[in-house]
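Undergrad: Provided below are the primary sequence and the corresponding predicted coordinates.
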Amino acid sequence: MMSTGKIFDLHIGLSDSAILKEDLGKEGKEFPFPTQFTFSEASLGGLDMFVGMACPIIMEDSGRFVLPKDPKAEVLRHINFYKSLEEKGLIKIIRSKKDMNTPILKVIMGIEGIYFVENEDDLKFLESLFDMGVKVIGPVWYFKSTFLDSNVVRKKFFKLCFDRNIVIDLAHSESTVFDIIYDCYNGPVIDSHSGLYDVSPNERNISSEKISKIIKKGGLIGMPFLGEFIGGSKINNVFDHLDRFKKLYGVSNLAIGSDFEGMGYQDIIENLGTVKEYPNLRKFLLGKGFSQEECHSILFKNASEYFCRVY
Ligand SMILES: [Zn+2]
């Protein structure tokens, strides 16, 4: 049965500014990222499930990003915030396959940039995060990760992730890091939010060679709604990436990873700048000749089935 306008977003920045004050009944703090959203907007847009990636990085008043003094505490702060939302009954954190049928907004918790892992001891902390429900790891963000340089630590890291069925997110991984992970990790891999380099040659985008490799492992590639990556600020620019992907690889490994929360005003796509505007993309794709079924696969089904398989 062809259903609904349900959305599975492979990448939304998990942060305690994600939810506006009206949902929490208290004063929210001013936040420079414009794509934060409310639960009512999420439901208007059909958002059913998302991978929420905590990025334990601090933005200074000057706008510069730095590593926090205590990155472990920063990660816990994000995760505890989501736990508190779950305790209030506002979201469900996915811990196993059966949680995926819960009829409220669902979050798969992930971490982008595990700069708190430097030695073998730190892997115990990482394991405790897996116990808390973290399911996706993006080893790097825009800073270099030193633990990958150590053969011993990275071997243990891959084993720990494999034993716990952790999805490794290759977004932000430049070629050397990509190759290390791709060659050494036998568990599931995705790229949650990168455009096609062939369509828009931004260094954050993914090459056709890497796409083929991820597809070979059965992984997903999520298209971001971020002007800098996709090379423009119109829905048509997002379409160009989805359309090229479909022509080259079909739609079975294609998803969306908006990167809502993780972008500034300059990167917002017109009419696709917030969670309540997902339906505009569906409408646009249908207008351009994508079938209902293809839209459903890209916007929901592929990611939903992928995580069902993983868990
Ligand atoms: Zn990112």
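TA: Perfect, I can see it now.

Undergrad: just the helices in the protein please.
TA: Using DSSP state H, the helices found in the chain span residues 21-24, 39-45, 71-87, 120-132, 151-163, 175-184, 208-216, 227-230, 235-249, 278-287, 292-296, 302-310.

Undergrad: closest to residue 7 out of those?
TA: helix 278-287 (4.8 Å; CB to CB). All C-beta atoms are positioned from the backbone trio N, CA, C, and that covers glycine.

Undergrad: taking helix 235-249 as reference, get the angle to that closest one.
TA: For helix 278-287 against helix 235-249, the angle by axes from the mean of the first three to the mean of the last three CA atoms, to 10 degrees is 60 degrees.

Undergrad: which strands and helices lie in contact with helix 278-287?
TA: helix 235-249, helix 292-296 (3 or more CB pairs under 8 Å, 6 or more residues apart in numbering; DSSP states H and E).

Undergrad: kindly reformat those helices as TSV containing distance to residue 162, mean neighbour count and mean pLDDT.
TA: Shown next, in TSV, are the helices and strands packed on helix 278-287 (distance: least, CB to CB, whole Å; neighbours: other CB atoms under 10 Å; pLDDT from 0 to 100):
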stretch	distance to residue 162	mean neighbour count	mean pLDDT
helix 235-249	26	18	98
helix 292-296	31	16	98
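
Undergrad: circling back to that earlier point, tell me the most buried of the helices of the chain?
TA: Comparing these by mean neighbour count (mean count of other CB atoms under 10 Å), helix 227-230 ranks first with a mean of 23.

Undergrad: what average pLDDT does that helix get?
TA: For helix 227-230, the mean per-residue pLDDT is 95.

Undergrad: quick one: list the elements packing against it.
TA: Helix 227-230 sits against helix 235-249, with contacts defined as 3+ CB pairs under 8 Å, 6+ apart.

Undergrad: neighbouring contacts of the helix it packs on?
TA: Taking contacts as CB atoms under 8 Å, 6 or more residues apart in numbering, the residues outside helix 235-249 that touch it are 195-196, 198-200, 208, 211-212, 215, 221, 223, 225, 227, 230-231, 251, 254, 269-272, 280-281, 284-285, 288, 290, 294, 298.

Undergrad: let's go with 7 Å and repeat that
TA: Helix 235-249 has contacts (CB atoms under 7 Å, 6 or more residues apart in numbering) with 195-196, 198-199, 211, 215, 223, 225, 230-231, 254, 269-272, 280-281, 284-285, 288, 298.

Undergrad: what's the angle from it to helix 208-216?
TA: Calculated by the same axes, to 10 degrees, helix 235-249 forms an angle of 70 degrees with helix 208-216.

Undergrad: in the stretch 1-150 of the chain, mark out all the strands, start to finish.
TA: Counting by DSSP state E, counting those that start in this stretch, the stretch 1-150 of the chain has strands at residues 7-13, 47-54, 58-59, 65-66, 92-93, 106-112, 134-138.

Undergrad: mind checking how far residue 152 is from residue 126?
TA: Remark: distance between residue 152 and residue 126 (CB to CB, to the nearest Å) = 15 Å.

Undergrad: hang on, the earlier thing: could you dump the helices of the chain to a markdown table with distance to residue 108?
TA: Below are the helices of the chain laid out as a markdown table (distance: least, CB to CB, whole Å):
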| stretch | distance to residue 108 |
| --- | --- |
| helix 21-24 | 20 |
| helix 39-45 | 15 |
| helix 71-87 | 11 |
| helix 120-132 | 13 |
| helix 151-163 | 15 |
| helix 175-184 | 19 |
| helix 208-216 | 18 |
| helix 227-230 | 22 |
| helix 235-249 | 22 |
| helix 278-287 | 18 |
| helix 292-296 | 19 |
| helix 302-310 | 6 |
